[in-house]
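>>> sequence and predicted structure, then a few things I'm wondering about:
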Amino acid sequence: MKLSAHYSKASIIITISVLLVGAVVYFFAINYIADNQLNSDLTEEIGEVVEYVNLHGQLPKPVDFDEDQTTFVKTNQKYVPTRFFDTVYKNPKEKNPEAGRAITGLISLKGQHYIATITVSRESTEYLIQIIGAITLALSIALLVILFVTNRYILSGLWRPFYDTLNALKAFNISDSKRFHLRHNKVDEFNELNRVVENMASRVKNDYQHLKHFTENASHEMLTPLAVITAKLDTLIQDETLKPEQFEQINDIYSAASKLSRLNQSLLLLVKIENNLVDDAELLSLDGLIGQKIRQFNELILSRDIKVIEHLEEKEVTASKYLVDILLNNLFSNAIRHNIDHGQVKITLTANKLIFQNSGAEKTLNNERLFERFQKGQKSEGTGLGLTIVKNICNLYHWDIAYSFENSLHTFLITL
């Protein structure tokens, strides 16, 4: 869920909660105010009754109270506290019971005590409460709608600089020589974020260029000594005066130097692939390249009596011929090197899949670490970078590669 959605969700939940609590408090507050107003009116009414009794020396008649309902009940009590309470009001015109509010108080007339009860209708008050409640509900709904629209459209516009920065970071290419620049906007926090990101991108590019130059220079400088070592070793190996022990030691040194040279070239290739420095993509006939590779490895295949089964459909891909050649080389080398004598290699090419299958050890490989650097079998003499290079080439061209072991065959499936 996006940050704006989280904010909208939180703000709407908080707003609804506040409105609900406010509505309850508002309802009771209005009722309290209405009751106080009715109580004040009833207090005036009973005051007028007392004044009438004192002035005329008799109890008022019911017709003297308009629509108020007044009753007098004789009592022997000399003190009755004034009390307000809710009751039922019987409307003489409509003959329907309504909600009412009443007051009771003690009135004395010529030595006789009466409990006076005055009841008034609450209809007008309840109608006013309903009107206020409806207006409040309408305003709450309007507030929620406005809040939703504001969060959905207006606030999403405020987040646009953030998404611009995010998209720029997604498109960031460390090997691009152009300066990484983000647009200025009106929000101070986003401008500060952009400055930090620009500084970080500048440092990363600078560090990358230094590392790249160091790697290129170091690798280049290593090639010359390795070539000299290899040449000298070639000369020494051809010396017929060498003793068998000396020949064996020199041969070990020669193998180690050759392996170091291959390792240097493989690491350089990985750096180029990971940083997308190989940009000579062209339209290639993949089935034709596989056919060429079969012919190139034919002598090695025959030496181990390996049966090659091929099912190749016509397939064209847009990629670097150099990288595709390396990918096929590594897949073929892997399928032959880790095969068994008199084994088999199956190569299948369809419109969207390239499958290499080979016989070999009767156990599945560690699928989680298979494509990591320097992962190789105990008896392998390679650099441990072959499948890593294959994986990186596939990632470069957005191909998926997967390994499985089924029916005694190690399978590498590339989804093109």
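Everything's here; your move. Numbers count the residues shown, from 1 in each chain.

>>> surely Val58 is in contact with Ile107?
Just to correct that, residue 58 is Gln rather than Val. No: with contact defined as Cβ atoms under 8 Å, Gln58 does not count as touching Ile107 (11.3 Å). Where C-beta positions appear, they are placed from N, C-alpha and C, glycine not excepted.

>>> and these two? Which one has more around it.
Remark: of Gln58 and Ile107, Ile107 carries more neighbours, 19 against 10, as counted by other Cβ atoms under 10 Å.

>>> list the residues that contact that one.
Taking Cβ atoms under 8 Å, 6 or more residues apart in numbering, we find Ile107 in contact with Val49, Val50, Val53, Leu59, Phe72, His113, Tyr114, Ile115, Ala116.

>>> would it count as being in a strand?
Yes: residue state for Ile107 (DSSP: H, G, I helix; E, B strand; the rest coil) corresponds to a strand.

>>> which strand residues sit across from it in the sheet?
Tyr114 (DSSP bridges).

>>> rebuild the contacts of Ile107 as JSON lines, extending it with distance to Leu139.
Shown next, in JSON lines, are the contacts of Ile107 (distance: Cβ to Cβ, whole Å):
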{"residue": "Val49", "distance to Leu139": "42"}
{"residue": "Val50", "distance to Leu139": "44"}
{"residue": "Val53", "distance to Leu139": "48"}
{"residue": "Leu59", "distance to Leu139": "49"}
{"residue": "Phe72", "distance to Leu139": "46"}
{"residue": "His113", "distance to Leu139": "51"}
{"residue": "Tyr114", "distance to Leu139": "48"}
{"residue": "Ile115", "distance to Leu139": "45"}
{"residue": "Ala116", "distance to Leu139": "43"}
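
>>> buried members of these into ChimeraX, please.
Of those, the buried ones can be selected in ChimeraX as follows, counting by 16 or more other Cβ atoms under 10 Å:
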select :49,50,53,59,72,113,114,116
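
>>> nearest to Ser408 among the contacts of Ile107?
Ile115 (106.7 Å; Cβ to Cβ).

>>> now that closest one: how far from Ser108?
11 Å (Cβ to Cβ, to the nearest Å).

>>> give me the phi and psi for Leu277.
Backbone torsions for Leu277, taken as degrees, to the nearest 10, come to phi -90, psi 0.

>>> mind pulling the model confidence for it?
In this model, Leu277 is scored at 70, pLDDT.

>>> okay, now the unreliable bits of the stretch 201-350 of the chain?
Within the stretch 201-350 of the chain, the set of residues satisfying pLDDT under 70 comprises 216, 219, 275.

>>> same thing with the stretch 51-200 of the chain?
For the stretch 51-200 of the chain (pLDDT under 70), the answer is 62-67, 92-95, 175.

>>> for the helix or strand where Ser8 lies, packing partners?
Ser8 belongs to helix 3-56 when assigned by DSSP states H and E. In terms of contact count using 3 or more Cβ pairs under 8 Å, 6 or more residues apart in numbering; DSSP states H and E, helix 3-56 is assigned the packing partners strand 83-90, strand 97-109, strand 112-121, helix 123-149, helix 155-158.

>>> so how far is that helix off the chain centroid?
Centroid separation for helix 3-56 versus its chain: 46 Å, with Cα atoms, centre = their mean, to the nearest Å.

>>> and after it, which helix or strand comes next?
Going down the chain from helix 3-56, the next helix or strand is strand 69-75, by DSSP H and E.

>>> just the CA coordinates for that following strand, please, in PDB.
Output of strand 69-75 as PDB, limited to C-alpha atoms (Å, rounded to 0.1, in the frame of the first residue of the first chain):
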ATOM      1  CA  GLN A  69     -51.300  20.700  31.000                       C
ATOM      2  CA  THR A  70     -51.600  21.600  34.600                       C
ATOM      3  CA  THR A  71     -53.000  19.500  37.500                       C
ATOM      4  CA  PHE A  72     -53.400  20.200  41.200                       C
ATOM      5  CA  VAL A  73     -53.400  17.400  43.700                       C
ATOM      6  CA  LYS A  74     -54.100  18.000  47.400                       C
ATOM      7  CA  THR A  75     -51.500  16.900  49.800                       C
END
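
>>> and the angle for it with strand 83-90?
130 degrees (axes from the mean of the first three to the mean of the last three Cα atoms, to 10 degrees).

>>> distance to Ile347 added to the helices and strands packed on helix 3-56, as JSON lines?
Listed next are the helices and strands packed on helix 3-56 as JSON lines, based on distance: least, Cβ to Cβ, whole Å:
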{"stretch": "strand 83-90", "distance to Ile347": "93"}
{"stretch": "strand 97-109", "distance to Ile347": "91"}
{"stretch": "strand 112-121", "distance to Ile347": "96"}
{"stretch": "helix 123-149", "distance to Ile347": "59"}
{"stretch": "helix 155-158", "distance to Ile347": "52"}
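
>>> how near is Phe247 to Ala116?
Phe247 is 134 Å from Ala116, by Cβ to Cβ.

>>> ok, Thr71 next?
Taking Cβ to Cβ, one finds Thr71 at 7 Å from Ala116.

>>> Thr82 too?
10 Å.

>>> shared neighbours, these two?
Ile46, Thr104, Gly105.

>>> burial check on the first one, number of neighbours?
Think Ile46. Using other Cβ under 10 Å, Ile46 has 19 neighbouring residues.
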